[in-house]
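[1] Got a sequence here, can you build the structure:
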Amino acid sequence: VIVTSGPAATNVITGLSDALMDSTPMVVITGQVATPFLGFDAFQETDVVSITQPITKWSYQVRSADDVARAVARAFFIASTGRPGPVVLDFTKDAQVGLTTGGFKYEKCSFIRSYIPVPSINEEDVTRVADIINSAERPMILSGHGVMISGAEAELAAVAEKAGIPVAATLLGLSTMPSGHPLYKGMLGMHGNIGPNVNTNKADVLIAIGMRFDDRITGAVSAYAPQAKIIHIDIDSSEFDKNVKTAATVHGDARQVLQRLLPRVHAARRQQWLDSFSRPEQVELNRVIMPELNHEPGSLLTMGEVVNAVSKATGNKAVVVTDVGQNQMMAARYSRYTLPRSIVTSGGLGTMGFGLPAAIGAKMGVPGRTVCLFVGDGGLQMTIEELGTIMQYGTGVKIILLNNRFLGNVRQWQSLFFNARFSQTPMLNPDFIKISEAYGIKAERVDTRGQLAAAIGRMLADNDEPYMLDVAIDERMMVFPMTPAGAAVDHIMLNQNELYKDE
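    Now for the predicted structure:
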């Protein structure tokens with residue numbers, strides 16, 4: 001990312017925060033006033049290094065042309081290794097336009113004495129973890145973003161299959177195991193699937209891999225898995241015991257740790273434990289999923305059925321990009337994944353406006369795959385100028401606008417917890433079709449259920465063509481199941497009036 005000084009530099013703060021929370025590798029190059037003017041409030045001077053140090057892996061000011069090659073090499077090494085994250089290089093004007101004194105030579109950086117990106121794995125820690133797993137009766141794997149970052153999907157499946165362990169994923173861990181795998185039990189968290197959330201508080205061992213026990217996963221920490229031994233595998237040791245108390249940890253890259261763990265775990269089936277997921281799965285199917293996907297012909301569309309229809313039409317092989325809000329949760333819940341690395345979303349920071357630019361980046365990264373963006377009417381308008389980027393480069397992003405004329409997630413909280421006082425959530429929207437067409441992007445509006453399938457077919461007909469579907473959504477629809485903020489992870493609302501009741 002390359003921006004100029006002052007306001008341009010401060011405009012990337014949200015992106016840096018998002019990247020740090022979600023371990024996204026990014027190098028940001030900012031402009032800066034010339035070195036003699038530093039500290040004198042020169043035009044567009046901002047102390048970029050001080051502002052960005054708390055939200056980056058490394059923030060450094062380049063003041064000399066002689067320092068450019070070394071700083072750039074170190075920046076890309078730091079950003080892309082270990083637990084990835086953002087780096088900022090603040091280039092003063094004299095560093096930008098000056099000449100080197102000894103000639104220019106760029107050498108790729110692969111070592112920094114004070115930085116150890118991939119720690120050596122303690123074999124005794126791996127053996128201890130294997131012993132805990134082998135003695136467990138009800139173990140469950142919690143697969144996080146670190147599994148995807150390390151490319152450990154095959155190793156995850158191998159360990160789970162050998163030991164007969166069910167797997168659940170965090171939001172950013174979705175697609176680390178195919179949705180149809182018999183051991184995959186769904187998504188964890190506030191709007192996750194009932195089975196893994198309920199059984200979190202029944203498991204005797206939780207094996208967390210590349211995740212950080214975010215509050216959206218744990219609910220009330222005091223009531224989180226009180227009976228379980230918790231194993232935490234992560235490349236960032238600062239995450240250990242930060243939110244939950246562990247019984248054992250392994251500090252290392254997820255793929256390397258799982259490779260060492262595989263020969264040490266015993267083969268097992270654990271059929272009775274796997275069967276315990278059946279009842280909550282059936283309750284969720286009957287009480288949540290089917291009501292979301294099946295409606296009378298004349299009723300308004302719901303987000304879940306739109307996402308489900310798009311996912312099926314892509315063969316469950318699309319890269320799913322989301323904005324933030326109800327569209328995000330519904331896209332996560334009702335998309336299916338057959339390929340790894342199939343979800344791009346803002347997890348830790350929850351940044352509205354993330355979706356459109358992220359979808360453009362995803363499509364540029366994997367142009368051969370279908371990239372489907374699910375976005376709300378609020379989030380789209382926060383970065384709607386990126387339609388100009390699509391026009392400029394012809395990027396074939398498929399935009400599915402789930403348009404309920406509300407800031408839907410806030411509306412849901414206002415409805416459930418604040419006596420339906422809808423403050424600042426209703427939206428008077430522009431004509432998104434005209435806006436899209438002004439940018440040269442094909443677009444159509446879907447108002448009825450009968451129009452949906454054909455419209456999706458037209459949208460997907462040409463993989464390289466940008467397209468927008470503006471889909472009218474019932475504003476009353478909410479995302480369920482839901483664990484209210486601050487409640488125990490197994491305190492699950494099936495709808496506005498009904499809680500899940502265990503056997």
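[2] is it true that residue 390 touches residue 360?
    Yes. Under the criterion of CB atoms under 8 Å, residue 390 makes contact with residue 360 at 6.4 Å. No exception for glycine: its C-beta is placed from N, CA and C like everyone else's.
[3] what's the overlap in contacts for these two?
    Counting by CB atoms under 8 Å, 6 or more residues apart in numbering, the residues touching both residue 390 and residue 360 are residue 397.
[4] quick one: the strands in the stretch 201-350 of the chain?
    For the stretch 201-350 of the chain, applying DSSP state E, counting those that start in this stretch gives strands covering 205-209, 229-234, 248-251, 319-322, 343-344.
[5] I'd like the ones you listed laid out as CSV, including mean pLDDT, mean neighbour count and distance to residue 174.
    Listed next are the strands of the stretch 201-350 of the chain as CSV, based on pLDDT from 0 to 100; neighbours: other CB atoms under 10 Å; distance: least, CB to CB, whole Å:
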stretch, mean pLDDT, mean neighbour count, distance to residue 174
strand 205-209, 98, 26, 14
strand 229-234, 98, 25, 18
strand 248-251, 98, 22, 23
strand 319-322, 98, 27, 8
strand 343-344, 98, 22, 4
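[6] okay, now the nearest residue to residue 315 once chain neighbours are set aside: neighbour count?
    Once flanking residues are discounted, residue 315 sits nearest to residue 338: 7.3 Å by CB to CB, 6 or more residues apart in numbering. The tally of other residues near residue 338 (other CB atoms under 10 Å) stands at 15.
[7] distance of residue 338 from residue 320?
    Computed as CB to CB, to the nearest Å, the residue 338 to residue 320 distance reads 12 Å.
[8] what's the answer for residue 27, then?
    Distance of residue 27 to residue 320, given as CB to CB: 26 Å.
[9] any weak-confidence spans in this protein?
    When residues are selected by pLDDT under 70, none of them lie in the chain.
[10] Recalculate using a threshold of 90.
    For the chain, the stretches with pLDDT under 90 are 102-104, 295-299, 502-503.
[11] In space, what's closest to residue 264 - neighbours in sequence excluded?
    In space, residue 264 comes closest to residue 130 once its chain neighbours are excluded; the distance is 3.6 Å by CB to CB, 6+ apart.
[12] for residue 472, that is, sorry about that
    Take residue 472 and drop its neighbours on the chain: the residue closest to it by CB to CB, 6+ apart is residue 447, 4.9 Å away.
[13] wait, doesn't the one you found sit right on residue 473?
    No. Contact criterion CB under 8 Å: residue 447 and residue 473 do not qualify, at 10.4 Å.
[14] So these two - more neighbours on which side?
    residue 473 (26 against 12).
[15] Name whatever forms a beta bridge with the more buried one.
    With DSSP bridges as the criterion, residue 473 is bridged to residue 301.
[16] Could you report the distance from the residue nearest to residue 472 to residue 297?
    Distance check for residue 447 against residue 297: by CB to CB, it reads 13 Å.
[17] can you check residue 173 too?
    For residue 173, the distance to residue 297 equals 37 Å [CB to CB].
[18] And those two? Which one has more around it.
    Under the criterion of other CB under 10 Å, the comparison of residue 173 against residue 297 puts residue 173 first, with 26 against 7.
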